[in-house]
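1. My questions are about this predicted structure, shown below with the sequence.
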Amino acid sequence: MTKEELVSKLTAAVGDTPYGKELIEEAEKTFGDSEHKYGWDMKDRLDLRLAILKAYARIDKTFGKEARETADEDKIAIIDKALKAIE
């Protein structure tokens with residue numbers, strides 16, 4: 001997948017949200033990066049964000065922070081859409 005294809009797919013899937021735009025910016029910045037952090041691609045980066053957000057949502061639920069839990073769940077839904085778009 002080329003950088004343009006990746007950005008196009010992500011824009012169509014999640015480009016209408018601020019968090020989605022953040023993901024697209026990261027994809028543009030890290031695509032073809034010669035230093036590839038641990039050889040990661042965008043799917044790996046999204047998987048990591050997803051795991052972290054799910055952990056935060058669980059912690060927020062445990063401590064009764066519903067507003068933060070909802071925000072985390074919204075971001076989780078956006079990442080799920082992004083992952084489906086690039087598969």
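-> Now that the structure is in, tell me what you want to look at.
2. Give me the distance between Thr62 and Glu4.
-> Distance, Thr62 to Glu4, using Cβ to Cβ, to the nearest Å: 42 Å. In this view, the C-beta of every residue, glycine as well, is placed from N, C-alpha and C.
3. And the pLDDT at Lys54?
-> Predicted confidence (pLDDT) for Lys54: 94.
4. For it, list the residues it contacts.
-> Taking Cβ atoms under 8 Å, 6 or more residues apart in numbering as the criterion, Lys54 is in contact with Asp72, Ile76.
5. what does Lys61 give?
-> Glu69.
6. quick one: the strand or helix carrying it to chain centroid distance?
-> Counting by DSSP states H and E, the element that carries Lys61 is helix 42-62. Mean C-alpha position of helix 42-62 versus that of the full chain (Cα atoms, centre = their mean, to the nearest Å) differs by 9 Å.
7. mind listing what's buried in it?
-> Met42, Arg45, Leu46, Arg49, Leu50, Leu53, Tyr56, Ala57, Asp60 (16 or more other Cβ atoms under 10 Å).
8. In TSV, list the residues you listed along with distance to Ala71.
-> Listed next are these as TSV, based on distance: Cβ to Cβ, whole Å:
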residue	distance to Ala71
Met42	22
Arg45	20
Leu46	18
Arg49	14
Leu50	15
Leu53	9
Tyr56	9
Ala57	9
Asp60	9
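9. What is the nearest of the residues you listed to Ile24?
-> For the buried residues of helix 42-62, the minimum distance to Ile24 (Cβ to Cβ) is 9.9 Å, reached by Met42.
10. how much space between the closest one and Ala57?
-> On the measure of Cβ to Cβ, Met42 and Ala57 end up 22 Å apart.
11. which stretches of the protein have low pLDDT?
-> Low-confidence segments of the chain (pLDDT under 70): 33-39.
12. quick one, helices of it?
-> 3-14, 18-30, 42-62, 66-86 (DSSP state H).
13. neighbouring contacts of the shortest one?
-> With contact meaning Cβ under 8 Å, 6+ apart, helix 3-14 is reached by 1, 20, 23-24, 27-28, 31-32, 42, 78, 81-82, 84-86.
14. let's go with 7 Å and repeat that
-> Residues outside helix 3-14 that contact it (Cβ atoms under 7 Å, 6 or more residues apart in numbering) are 20, 23-24, 27-28, 31-32, 42, 78, 81-82, 85-86.
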